[in-house]
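*Asks:* fold the following, please.
(one chain, ligands or ions: 1)
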Amino acid sequence: MAQRIFDAAVVGAGPAGCSAAGLIAKAGFSVAVMEEHSNPGEPVQCAGLISPRCLSIASEAGHTVINRLRGARIYSPAGNPLDIMGKEAQAVVIDRAAFDRSMLNRASDSGAEIFAGTRVKGIQPGPGFSTVLGSADVKARLVIGADGPKSCIRRALGLDEPTFMMHGIGAELRGLDIEQDRAMVFFGRELAPNFFAWIIPAGETTRVGLCVRGSGRTPSEHLAALFKKSPTAEILRGAKVESYHAGMIPFGMLARTYGDGGMVVGDAACQVKATSGGGIYPGLVCAKYCAETAVSALESDDFSAKALAGYHTGWTSEIGDELGKALIMYRVFSSLDDRQLEDIFGMLANPDITEIINRIGDIDYPSKLAWTLLRKEPGLLKYAGKFLKHGILEM
Ligand SMILES: Cc1cc2nc3c(=O)[nH]c(=O)nc-3n(C[C@H](O)[C@H](O)[C@H](O)COP(=O)(O)OP(=O)(O)OC[C@H]3O[C@@H](n4cnc5c(N)ncnc54)[C@H](O)[C@@H]3O)c2cc1C
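*Replies:* Model (predicted):
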């Protein structure tokens with residue numbers, strides 16, 4: 001096959017890669033998007049819950065919205081429910097495969113060339129160009145790794161690996177009739193150690209899933225238990241499983257998200273909210289900075305790590321603080337046992353507190369709510385010692 005030379009090669013056609021690719025192509029540069037799957041967007045590895053803010057960034061994907069949620073019913077480890085309900089939609093449920101496809105179409109409409117079914121194995125730096133090692137013979141002046149949690153481009157650039165991986169699993173169900181305007185979230189060490197489980201109404205279907213870490217059991221064993229044990233079993237009775245999805249979520253803050261000749265973005269760069277595992281919104285925010293830096297590097301023909309450092313400064317100044325605080329909140333949460341969580345739930349059940357959660361709660365920026373609650377509910381301060389130790393009260 002004849003060798004093709006592009007200004008930029010983006011590895012991975014998820015939301016972060018497609019967004020960066022589209023912006024670079026729109027600026028007039030040639031872009032190759034290399035995706036290992038022949039049907040980009042599939043298989044789905046996501047519950048498909050994003051904020052209206054996130055949807056506004058991916059405005060071309062508006063038609064992929066299946067449902068809008070105003071709130072959540074959150075269950076304590078003992079099964080006590082706490083209702084959170086805003087006046088307007090706090091989150092939207094998307095058809096994730098269609099969402100990714102519409103982002104890919106936008107990249108392609110902007111001029112990016114898509115190489116579907118092309119698995120990249122790494123990059124070979126060379127004078128002026130890097131060779132993208134894979135089944136398509138592509139060289140690029142700049143390489144962007146948007147290749148998800150186990151990114152091979154992150155490794156090729158010599159960047160840090162995630163601190164740890166969270167393992168997630170979910171199923172799409174039919175045959176349930178549940179309230180459509182709220183998700184359900186379940187906490188407890190037995191149910192979903194070190195994270196939580198969810199049930200999300202998605203119109204004609206319902207999504208159930210969980211993430212776990214540090215459990216002696218597999219994620220699928222935990223998922224199976226949701227159908228057998230209270231309080232989820234009662235809600236899921238009569239459901240028929242239509243499909244399963246599973247994946248990993250990378251947690252950590254990389255010291256650098258760039259190197260000589262390339263950058264990483266999205267899950268490849270651990271740009272994930274540790275409080276929820278949501279990575280679509282941060283990935284899209286960071287893709288904008290990645291594309292801006294790519295365009296100026298292409299214009300100045302300088303792809304040194306020094307020239308690409310502005311990307312890291314840009315995204316960390318917009319969202320790095322929040323992602324760092326979410327990671328601290330996650331660490332504090334995962335250090336609590338069920339009895340302590342139950343105690344916290346008891347405090348949150350106060351109507352004055354739920355009113356604050358309804359008003360300030362924001363799935364993309366949870367630290368503001370955490371700080372407000374700590375100031376409002378003195379009882380939470382006995383757990384705040386850990387927050388203090390980790391520096392979150394310095395907000
Ligand atoms: C169970 C579960 C539920 C989740 N639920 C939500 C949710 O509700 N909301 C939310 O915001 N986030 C959720 N997430 C996280 C979310 O899915 C990711 O953060 C998001 O997909 C990251 O986007 P990305 O573009 O960085 O990477 P990805 O979407 O992972 O895309 C990376 C792409 O790179 C491709 N690729 C990988 N390696 C190579 C290679 N070597 N060569 C070529 N191509 C390659 C992959 O096939 C993939 O298409 C969930 C994750 C899991 C596991």
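
*Asks:* only C-alpha atoms for contact and neighbour calcs from this point on.
*Replies:* Will do.

*Asks:* low pLDDT regions in the stretch 251-395 of the chain?
*Replies:* Counting by pLDDT under 70, the stretch 251-395 of the chain shows low-confidence ranges at 384-395.

*Asks:* likewise for the stretch 1-150 of the chain?
*Replies:* In the stretch 1-150 of the chain, residues with pLDDT under 70: 1.

*Asks:* so which residues of it form helices?
*Replies:* 15-26, 52-57, 96-109 (DSSP state H, counting those that start in this stretch).

*Asks:* can you lay out the ones you listed as TSV showing mean neighbour count and distance to residue 319?
*Replies:* Formatted as TSV, those follow (neighbours: other Cα atoms under 10 Å; distance: least, Cα to Cα, whole Å):
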stretch	mean neighbour count	distance to residue 319
helix 15-26	28	15
helix 52-57	16	13
helix 96-109	21	22
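
*Asks:* identify whichever of those helices lies nearest to residue 337.
*Replies:* Nearest of the helices of the stretch 1-150 of the chain to residue 337, taken as Cα to Cα: helix 52-57 at 32.6 Å.

*Asks:* would you mind listing what in the stretch 101-250 of the chain touches the ligand?
*Replies:* 118-121, 146-148, 151-152, 168-170, 246-249 (Cα under 6 Å from any ligand atom).

*Asks:* same thing but 5 Å
*Replies:* Contacts of the stretch 101-250 of the chain with the ligand, taken as Cα under 5 Å from any ligand atom, map to 119, 120, 147, 148, 168, 169, 247, 248.

*Asks:* ok, and the most crowded of these?
*Replies:* For those, the largest number of neighbours (other Cα atoms under 10 Å) sits with residue 147, at 27 neighbours.

*Asks:* isn't that one right up against residue 16?
*Replies:* No: with contact defined as Cα atoms under 8 Å, residue 147 does not reach residue 16; the gap is 9.0 Å.

*Asks:* quick check: closest non-adjacent residue to residue 118.
*Replies:* Sequence neighbours aside, residue 36 is the residue nearest to residue 118 in space, at 4.4 Å (criterion: Cα to Cα, 6 or more residues apart in numbering).

*Asks:* for the most centrally placed residue in the chain, which non-adjacent residue is closest in space?
*Replies:* What sits nearest the mean C-alpha location of the chain, by Cα atoms, centre = their mean, is residue 279, with 1.4 Å. The shortest distance from residue 279 to any non-neighbouring residue, by Cα to Cα, 6+ apart, is to residue 272 (4.3 Å).

*Asks:* phi and psi next, for the one you found.
*Replies:* Main-chain torsions, residue 272, degrees, to the nearest 10: phi -130, psi 140.

*Asks:* distance of it from the ligand?
*Replies:* Distance, residue 272 to the ligand, using Cα to the nearest ligand atom, to the nearest Å: 6 Å.

*Asks:* pull out the buried positions in stretch 238-257.
*Replies:* Within stretch 238-257, the residues that qualify as buried are 239, 244, 246-254, 256-257, counting by 16 or more other Cα atoms under 10 Å.
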